[in-house]
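# sequence unknown, structure follows:
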């Protein structure tokens with residue numbers, strides 16, 4: 001937990017394990033004894049080799065997948081199904097193509113039967129935070145990939161979740177857009193101070209965004225190391241050229257290099 005954060009624990013993961021398999025297929029142990037906490041307002045990233053169970057853990061936290069053992073607690077309450085206290089943004093945008101930006105952002109509120117005028121006021125607030133003012137009445141096909149992901153983030157925030165879960169949200173973007181989206185996400189986080197858990201393969205992305213980086217081992221995923229990121233905020237892309245930043249990235253890469261190379265050979 002970051003020293004800069006409140007001591008209040010927003011998310012607690014206790015002894016989470018996950019095994020996949022059925023009678024006609026071998027059993028695969030994806031996760032083993034995952035213990036971690038995320039403080040209120042903290043930004044934490046998880047990195048590791050492909051197949052280390054990072055996205056599996058995120059789906060368990062969101063309630064989309066049941067663990068084989070252990071439990072997830074939000075504000076001390078055990079959760080085992082999706083709820084409005086958690087919102088997830090996946091790699092591919094899931095916008096409804098027949099709805100405008102403001103309708104997409106307001107969608108979760110509409111499902112919760114929030115009056116339309118109130119839902120649209122809330123949606124407009126997060127559209128503005130996401131830097132999408134002026135695009136309220138555009139449809140998804142009229143937006144760039146980066147803009148669509150900003151709509152996704154705005155839609156997730158509109159339901160006022162306690163925890164924002166991000167599963168490789170920028171993986172489908174080109175390198176330049178991805179860098180810009182990192183700064184956009186930091187700006188949104190600075191404005192909202194939501195508790196964020198990010199899954200990413202990009203070590204530099206994890207270091208740039210986070211208060212703390214958790215490194216997973218290869219399958220079965222276990223926590224190999226937790227690394228505090230004591231770089232000053234606010235941050236901009238110039239930080240990536242600093243010796244302190246490079247040292248952190250190198251440290252994490254050294255921690256997982258052998259496993260990443262092994263996963264590439266297997267893949």
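Received, thanks. Note that the structure is predicted; figures quoted are calculated from it, not measured.
# switch to C-alpha atoms for all contacts and neighbour counts from now on
Fine.
# List the buried residues of the helix or strand hosting residue 26.
Taking DSSP states H and E as the criterion, residue 26 maps to strand 25-39. Within strand 25-39, the residues scored as buried using 16 or more other C-alpha atoms under 10 Å are 29-39.
# Can you name the two of the residues you listed that sit furthest apart?
With C-alpha to C-alpha as the measure, no two of those lie farther apart than 29 and 39, at 27.9 Å.
# thinking again about what came up before, contact partners of the strand holding residue 26?
1-2, 5-21, 44, 51-53, 56-57, 70, 195, 197, 219-223 (C-alpha atoms under 8 Å, 6 or more residues apart in numbering).
# Give me the buried subset of these.
1-2, 9-18, 44, 51-53, 56-57, 70, 195, 197, 219-223.
# wait, what's in contact with residue 57?
residue 31.
# let me redo that: residue 215
46-48, 223-227, 252, 256.
# Next step: those residues restricted to strands.
Applying DSSP state E to the contacts of residue 215, the entries found in strands are 46-47, 223-227.
# Which parts of the stretch 101-250 of the chain are strands?
Taking DSSP state E, counting those that start in this stretch to define them, one finds strands in the stretch 101-250 of the chain at 163-167, 195-199, 212-216, 223-228.
# average model confidence for the second one?
When you say that, I think you mean strand 195-199. Averaged over strand 195-199, pLDDT sits at 98.
# can you check the first one too?
Over the span of strand 163-167, the pLDDT mean works out to 97.
# Ok, stretch 97-116 next?
Here the average pLDDT along stretch 97-116 is 95.
# ok, back up a step: closest one to residue 164 out of the ones in strands among the contacts of residue 215, please.
Out of the ones in strands among the contacts of residue 215, the member with the shortest distance to residue 164 (by C-alpha to C-alpha) is residue 46, at 13.7 Å.
# Now do the helices in the protein.
54-62, 101-105, 107-111, 116-129, 145-158, 175-192, 203-209, 243-266 (DSSP state H).
# tell me which strands and helices the second one is in contact with?
In terms of contacts (3 or more C-alpha pairs under 8 Å, 6 or more residues apart in numbering; DSSP states H and E), helix 101-105 is packed against helix 116-129, helix 145-158.
# Which of those sits closest to residue 211?
Across these, residue 211 has its closest neighbour in helix 145-158 (19.6 Å, C-alpha to C-alpha).
# tell me which strands and helices that closest one is in contact with?
strand 86-89, helix 101-105, helix 107-111, helix 116-129, helix 175-192.
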